[in-house]
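> one predicted model, sequence on top.
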Amino acid sequence: MPRPSTPLLSPTRIREVALAIIDRDGLDGLSMRKLAAELGVRAASLYGHVATKEDLLHQVATSILEKVDVSGFASGDWRQGLVECARSYRAALASHPNIVPFLAYGPARREASLERLDVLHGALVAAGWSRREATMIAAGLMYIVFGAALSTFTSGFSTDPTVYSGRYPHLDRAHLLPSVAEELDRDSFELALAAYVRGL
(Lines give C-alpha, C1' and ligand atoms only; values in the text may rest on other atoms or scores of the structure.)
Protein backbone atom coordinates (compact mmCIF):
# COMPACT_ATOMS: atom_id res chain seq x y z
CA MET A 1 0.00 0.00 0.00
CA PRO A 2 1.24 3.53 -0.67
CA ARG A 3 2.34 5.52 2.37
CA PRO A 4 -0.21 8.13 3.53
CA SER A 5 0.59 11.64 2.33
CA THR A 6 0.08 12.95 5.89
CA PRO A 7 1.80 10.90 8.61
CA LEU A 8 -0.60 9.52 11.21
CA LEU A 9 1.80 10.38 14.00
CA SER A 10 3.71 13.53 14.77
CA PRO A 11 4.64 15.04 18.13
CA THR A 12 2.17 17.87 17.59
CA ARG A 13 -0.71 15.58 16.63
CA ILE A 14 -0.04 13.26 19.56
CA ARG A 15 -0.11 16.19 21.99
CA GLU A 16 -3.24 17.67 20.45
CA VAL A 17 -5.21 14.42 20.59
CA ALA A 18 -3.96 13.65 24.10
CA LEU A 19 -5.10 17.08 25.28
CA ALA A 20 -8.48 16.62 23.58
CA ILE A 21 -8.93 13.36 25.51
CA ILE A 22 -7.96 15.05 28.79
CA ASP A 23 -10.35 17.93 28.08
CA ARG A 24 -13.15 15.47 27.39
CA ASP A 25 -12.47 12.61 29.82
CA GLY A 26 -10.17 14.06 32.50
CA LEU A 27 -6.63 13.08 33.46
CA ASP A 28 -7.66 9.56 34.45
CA GLY A 29 -9.37 9.17 31.10
CA LEU A 30 -6.10 9.35 29.17
CA SER A 31 -4.34 6.08 28.43
CA MET A 32 -1.84 5.22 25.76
CA ARG A 33 -4.25 2.60 24.43
CA LYS A 34 -7.11 5.11 24.12
CA LEU A 35 -4.78 7.68 22.57
CA ALA A 36 -3.54 5.16 20.01
CA ALA A 37 -7.11 4.18 19.11
CA GLU A 38 -8.09 7.81 18.51
CA LEU A 39 -4.98 8.29 16.39
CA GLY A 40 -5.76 5.17 14.41
CA VAL A 41 -2.55 3.33 15.31
CA ARG A 42 -1.39 0.59 17.68
CA ALA A 43 -0.28 1.62 21.16
CA ALA A 44 3.23 0.31 20.48
CA SER A 45 3.58 2.92 17.71
CA LEU A 46 3.33 5.73 20.23
CA TYR A 47 6.43 4.68 22.11
CA GLY A 48 8.64 5.74 19.23
CA HIS A 49 7.50 9.29 20.01
CA VAL A 50 6.90 9.33 23.77
CA ALA A 51 8.54 7.08 26.35
CA THR A 52 5.77 7.08 28.96
CA LYS A 53 2.38 8.56 29.70
CA GLU A 54 4.04 10.92 32.21
CA ASP A 55 6.45 12.17 29.54
CA LEU A 56 3.46 12.79 27.30
CA LEU A 57 1.71 14.75 30.06
CA HIS A 58 4.79 16.93 30.48
CA GLN A 59 4.81 17.57 26.74
CA VAL A 60 1.12 18.50 26.80
CA ALA A 61 1.74 20.73 29.82
CA THR A 62 4.57 22.48 27.99
CA SER A 63 2.30 23.24 25.03
CA ILE A 64 -0.16 24.92 27.42
CA LEU A 65 2.43 26.82 29.43
CA GLU A 66 4.01 28.27 26.31
CA LYS A 67 0.95 30.57 26.25
CA VAL A 68 1.93 32.19 29.55
CA ASP A 69 3.13 35.72 28.79
CA VAL A 70 6.11 37.10 30.73
CA SER A 71 6.93 39.85 28.24
CA GLY A 72 5.53 42.46 30.64
CA PHE A 73 8.66 42.15 32.78
CA ALA A 74 10.77 43.54 29.93
CA SER A 75 9.43 47.04 30.66
CA GLY A 76 11.17 47.02 34.04
CA ASP A 77 7.83 47.33 35.86
CA TRP A 78 7.71 44.15 37.94
CA ARG A 79 4.17 44.96 39.12
CA GLN A 80 2.79 45.06 35.60
CA GLY A 81 4.83 41.98 34.76
CA LEU A 82 3.22 40.05 37.62
CA VAL A 83 -0.28 41.13 36.62
CA GLU A 84 0.13 40.25 32.94
CA CYS A 85 1.83 36.95 33.77
CA ALA A 86 -0.93 35.96 36.20
CA ARG A 87 -3.74 36.87 33.79
CA SER A 88 -2.24 34.93 30.90
CA TYR A 89 -1.47 31.98 33.18
CA ARG A 90 -5.05 31.85 34.41
CA ALA A 91 -6.36 32.08 30.83
CA ALA A 92 -4.10 29.22 29.71
CA LEU A 93 -5.26 27.02 32.58
CA ALA A 94 -8.91 27.96 32.19
CA SER A 95 -8.84 26.62 28.63
CA HIS A 96 -7.89 23.15 29.91
CA PRO A 97 -9.07 22.78 33.53
CA ASN A 98 -8.73 18.99 33.61
CA ILE A 99 -4.95 19.12 33.41
CA VAL A 100 -4.58 21.77 36.13
CA PRO A 101 -4.01 19.23 38.95
CA PHE A 102 -1.03 17.83 37.02
CA LEU A 103 0.40 21.32 36.48
CA ALA A 104 -0.15 22.29 40.10
CA TYR A 105 2.74 20.08 41.24
CA GLY A 106 5.21 22.71 40.05
CA PRO A 107 7.52 23.26 37.09
CA ALA A 108 9.30 19.88 37.31
CA ARG A 109 11.74 19.85 34.38
CA ARG A 110 9.39 21.48 31.90
CA GLU A 111 11.38 23.93 29.81
CA ALA A 112 8.43 26.28 29.26
CA SER A 113 7.78 26.55 33.00
CA LEU A 114 11.42 27.03 33.94
CA GLU A 115 12.03 29.65 31.24
CA ARG A 116 9.11 31.75 32.42
CA LEU A 117 9.95 31.31 36.07
CA ASP A 118 13.51 32.38 35.31
CA VAL A 119 12.26 35.62 33.69
CA LEU A 120 9.92 36.32 36.60
CA HIS A 121 12.56 35.60 39.23
CA GLY A 122 15.20 37.62 37.42
CA ALA A 123 12.90 40.64 37.09
CA LEU A 124 12.07 40.60 40.79
CA VAL A 125 15.71 40.31 41.85
CA ALA A 126 16.65 43.12 39.44
CA ALA A 127 13.95 45.27 41.07
CA GLY A 128 15.61 44.84 44.46
CA TRP A 129 13.90 41.83 46.00
CA SER A 130 16.16 39.22 47.56
CA ARG A 131 16.32 35.82 45.89
CA ARG A 132 14.32 34.33 48.76
CA GLU A 133 11.66 37.03 48.51
CA ALA A 134 11.49 36.60 44.73
CA THR A 135 10.89 32.88 45.21
CA MET A 136 8.16 33.57 47.75
CA ILE A 137 6.50 36.16 45.49
CA ALA A 138 6.46 33.69 42.59
CA ALA A 139 5.01 31.00 44.85
CA GLY A 140 2.34 33.38 46.14
CA LEU A 141 1.39 34.29 42.59
CA MET A 142 1.04 30.62 41.71
CA TYR A 143 -1.23 30.08 44.73
CA ILE A 144 -3.57 32.76 43.39
CA VAL A 145 -3.46 31.51 39.79
CA PHE A 146 -3.92 27.83 40.59
CA GLY A 147 -6.52 28.54 43.26
CA ALA A 148 -8.53 30.40 40.64
CA ALA A 149 -8.03 27.63 38.08
CA LEU A 150 -8.74 24.61 40.29
CA SER A 151 -12.26 25.57 41.28
CA THR A 152 -15.02 28.10 40.99
CA PHE A 153 -16.29 29.67 44.20
CA THR A 154 -19.86 29.64 42.96
CA SER A 155 -19.98 25.91 42.20
CA GLY A 156 -20.75 25.09 45.82
CA PHE A 157 -23.92 27.16 45.92
CA SER A 158 -27.40 25.84 45.23
CA THR A 159 -29.77 27.71 42.94
CA ASP A 160 -32.61 26.87 45.35
CA PRO A 161 -33.32 30.01 47.44
CA THR A 162 -34.97 27.97 50.21
CA VAL A 163 -31.56 26.55 51.12
CA TYR A 164 -30.52 29.97 52.42
CA SER A 165 -33.63 32.04 53.17
CA GLY A 166 -34.51 32.31 56.82
CA ARG A 167 -31.43 30.39 57.96
CA TYR A 168 -28.58 32.51 56.60
CA PRO A 169 -29.69 36.14 56.48
CA HIS A 170 -26.44 37.36 54.93
CA LEU A 171 -26.60 34.73 52.18
CA ASP A 172 -30.17 35.47 51.09
CA ARG A 173 -29.00 36.05 47.51
CA ALA A 174 -26.46 33.23 47.37
CA HIS A 175 -28.75 31.22 45.08
CA LEU A 176 -28.02 33.79 42.35
CA LEU A 177 -24.26 33.20 42.39
CA PRO A 178 -24.18 30.32 39.87
CA SER A 179 -25.83 32.56 37.26
CA VAL A 180 -22.92 35.02 37.43
CA ALA A 181 -20.17 32.43 37.92
CA GLU A 182 -17.89 33.54 35.10
CA GLU A 183 -18.07 37.23 36.01
CA LEU A 184 -17.65 36.59 39.74
CA ASP A 185 -14.70 34.26 39.25
CA ARG A 186 -12.94 36.75 36.97
CA ASP A 187 -13.56 39.72 39.25
CA SER A 188 -12.59 37.78 42.38
CA PHE A 189 -9.33 36.75 40.73
CA GLU A 190 -8.63 40.36 39.73
CA LEU A 191 -9.38 41.56 43.28
CA ALA A 192 -7.03 39.01 44.83
CA LEU A 193 -4.31 39.75 42.28
CA ALA A 194 -4.56 43.52 42.74
CA ALA A 195 -4.51 43.19 46.53
CA TYR A 196 -1.47 40.92 46.33
CA VAL A 197 0.52 43.28 44.11
CA ARG A 198 -0.46 46.34 46.14
CA GLY A 199 0.53 44.53 49.33
CA LEU A 200 3.96 43.78 47.90
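Everything's here; your move. Residues are numbered from 1 along each chain as shown.

> got a list of what G122 touches?
With contact set as C-beta atoms under 8 Å, 6 or more residues apart in numbering, G122 has these partners: F73. Bear in mind the C-beta positions are built from the backbone N, C-alpha and C, glycine included.

> tell me the buried residues in the helix or strand harbouring it?
G122 belongs to helix 111-126 when assigned by DSSP states H and E. Neighbour-count burial for helix 111-126, counted by 16 or more other C-beta atoms under 10 Å, picks out A112, S113, R116, L117, V119, L120, H121, A123, L124.

> ok now it, how far from the chain's centre?
17 Å (C-alpha atoms, centre = their mean, to the nearest Å).

> cool, and stretch 36-47?
Using C-alpha atoms, centre = their mean, the offset of stretch 36-47 from its chain centre is 27 Å.

> same question for stretch 97-108.
7 Å.

> domain parsing for this protein?
11-63, 68-199 (automatic domain parsing).

> compute the first-to-last residue distance for the shortest one.
With C-alpha to C-alpha, to the nearest Å as the measure, the first residue of domain 11-63 is 11 Å from its last.

> next helix or strand past the helix holding G122?
Counting by DSSP H and E, what follows helix 111-126 is helix 131-150.

> not counting that following helix itself, show me its contacts.
Contacts to helix 131-150, defined as C-beta under 8 Å, 6+ apart, come from residues 82, 85-86, 89-90, 93-94, 97, 100-101, 103-104, 117, 120-121, 124-125, 129, 185, 188-189, 192-193, 196, 200.

> which parts of that helix are buried?
Within helix 131-150, the residues that count as buried by 16+ other C-beta under 10 Å are A134, I137, A138, L141, M142, I144, V145, F146, A148, A149.

> how about the helices in the protein?
Taking DSSP state H as the criterion, the chain carries its helices at 11-25, 32-39, 43-46, 53-65, 78-94, 100-103, 111-126, 131-150, 181-199.

> tabulate these in JSON lines, adding columns for mean pLDDT.
Formatted as JSON lines, the helices of the chain follow (pLDDT from 0 to 100):
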{"stretch": "helix 11-25", "mean pLDDT": "94"}
{"stretch": "helix 32-39", "mean pLDDT": "92"}
{"stretch": "helix 43-46", "mean pLDDT": "84"}
{"stretch": "helix 53-65", "mean pLDDT": "91"}
{"stretch": "helix 78-94", "mean pLDDT": "96"}
{"stretch": "helix 100-103", "mean pLDDT": "90"}
{"stretch": "helix 111-126", "mean pLDDT": "94"}
{"stretch": "helix 131-150", "mean pLDDT": "95"}
{"stretch": "helix 181-199", "mean pLDDT": "95"}
